[in-house]
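Asker: Fold the following, please.
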Amino acid sequence: MAGRCGPGGIAGLIRLDRESGGALDYDCMVQLGVRLADIPRTYGWTALPILARHMTTESATWRHLNPDEASWTQPIRQAALLADLFDALRAFAHVYAQAHTKRKMKRPEPYPRPWAPKHKGKHYGADPIRVGDFDKWYYGGDS
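Answerer: Numbering: from 1, shown residues only. The predicted model follows:
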């Protein structure tokens, strides 16, 4: 297997490293503590296919080979999903509690997200306006 130059084998892994901009080299540095070029004299060529076969979703090589799934493994995506789940559970708890009391309850604030703007926009008016009244106000006459 060490001398095979077909579509797979060591030559295929080296070609993959070139095509991915050094993802396999990076994974070797992170997981083994050596550069890809140092593999033959440190671990031997047999270590490289084993490393490639057991890549985790955190590895740069796996993310290069699976671009559609890679975004789902990023911590920011997981944090966003957890924040959305937290908000949904609080909204459900609010609706349930509101249904079982006559007292008006304040809606829960959304879970703070570092990527969301932190401004409190001004709101004008307290009640919705009818479409006809809005058209009169906006267009300055009957419509």
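Asker: Please name every helix or strand in contact with the lowest-mean-pLDDT helix or strand in the chain.
Answerer: Within the chain, judged by mean pLDDT, DSSP states H and E, the helix or strand with the poorest mean is helix 131-139; its value is a mean of 81. Taking 3 or more Cβ pairs under 8 Å, 6 or more residues apart in numbering; DSSP states H and E as contact, there are no helices or strands that helix 131-139 lies on. C-betas here are computed from N, CA, C, even on glycine.
Asker: Share the number of residues neighbouring the residue lying closest to D25 once chain neighbours are set aside, please.
Answerer: Excluding its sequence neighbours, the residue lying closest to D25 (Cβ to Cβ, 6 or more residues apart in numbering) is L36, at 4.1 Å. For L36, the number of neighbouring residues by other Cβ atoms under 10 Å comes to 19.
Asker: do the same with I10
Answerer: The local packing of I10 (other Cβ under 10 Å) involves 19 other residues.
Asker: Just say helix, strand or coil for it.
Answerer: When classified by DSSP: H, G, I helix; E, B strand; the rest coil, I10 comes out as helix.
Asker: surely it meets W45?
Answerer: Yes - using Cβ atoms under 8 Å as the test, I10 is close enough to W45 to be in contact (5.6 Å).
Asker: Surely L51 is in contact with V34?
Answerer: No - counting by Cβ under 8 Å, L51 sits too far from V34 to count as a contact (10.8 Å).
Asker: who touches both of the two?
Answerer: Here L51 and V34 share the contacting residues C28, scored by Cβ atoms under 8 Å, 6 or more residues apart in numbering.
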